[in-house]
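**Q** pasting a predicted model and its sequence here:
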Amino acid sequence: MSKKPSRKYRKGSKYDPIIDYFIESDQRLVEVDVPEKDANYLRTQLKKRIDARDLDGKIEVSVVNNIAYLEKK
């Protein structure tokens, strides 16, 4: 091997498709469930993506009774 292979980086986030699907849907409020992920962790990750995509004020993420929700504003 002449040189170390370059690292492959993920483009965007694995949570972007969740947000995209929600935006395109007619739903105003949905539960978000990702296997093996805690609701509070989901809230944090989704909030980061919402902020990064300048969707703050259009979409809100919250947790109630350990269930994550996305809501259109």
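**A** All right, it came through fine.
**Q** surely residue 32 and residue 69 touch.
**A** Yes: under the contact definition of CB atoms under 8 Å, residue 32 touches residue 69, with a separation of 6.7 Å. No exception for glycine: its C-beta is placed from N, CA and C like everyone else's.
**Q** I'd like the distance from the longest helix anywhere in the chain to the chain centre, please.
**A** Across the chain, the longest stretch assigned as helix under DSSP state H is helix 39-52. For helix 39-52, the distance between its averaged C-alpha position and the chain's averaged C-alpha position is 6 Å (CA atoms, centre = their mean, to the nearest Å).
**Q** give the next helix or strand downstream of that helix.
**A** Per DSSP states H and E, the first helix or strand lying C-terminal to helix 39-52 is strand 59-64.
**Q** elements contacting that following strand?
**A** Using 3 or more CB pairs under 8 Å, 6 or more residues apart in numbering; DSSP states H and E as the contact criterion, the neighbours of strand 59-64 among helices and strands are helix 16-24, helix 39-52, strand 67-72.
**Q** hmm, try it at 10 Å
**A** Based on contacts counted as 3 or more CB pairs under 10 Å, 6 or more residues apart in numbering; DSSP states H and E, the elements that strand 59-64 packs against are helix 16-24, strand 29-32, helix 39-52, strand 67-72.
**Q** centre of the chain to it, how far?
**A** Taking CA atoms, centre = their mean, one finds strand 59-64 lying 11 Å from the centre of the chain it belongs to.
**Q** swap in stretch 29-46?
**A** 8 Å.
**Q** list the contacts of that stretch.
**A** Outside of stretch 29-46, the residues that reach it under the criterion CB atoms under 10 Å, 6 or more residues apart in numbering are 13-16, 18-19, 21-22, 59-72.
**Q** what do you get if the cut-off is 8 Å, keeping everything else the same?
**A** Residues from elsewhere that reach stretch 29-46 (CB atoms under 8 Å, 6 or more residues apart in numbering): 13, 15, 18-19, 22, 61-63, 66-72.
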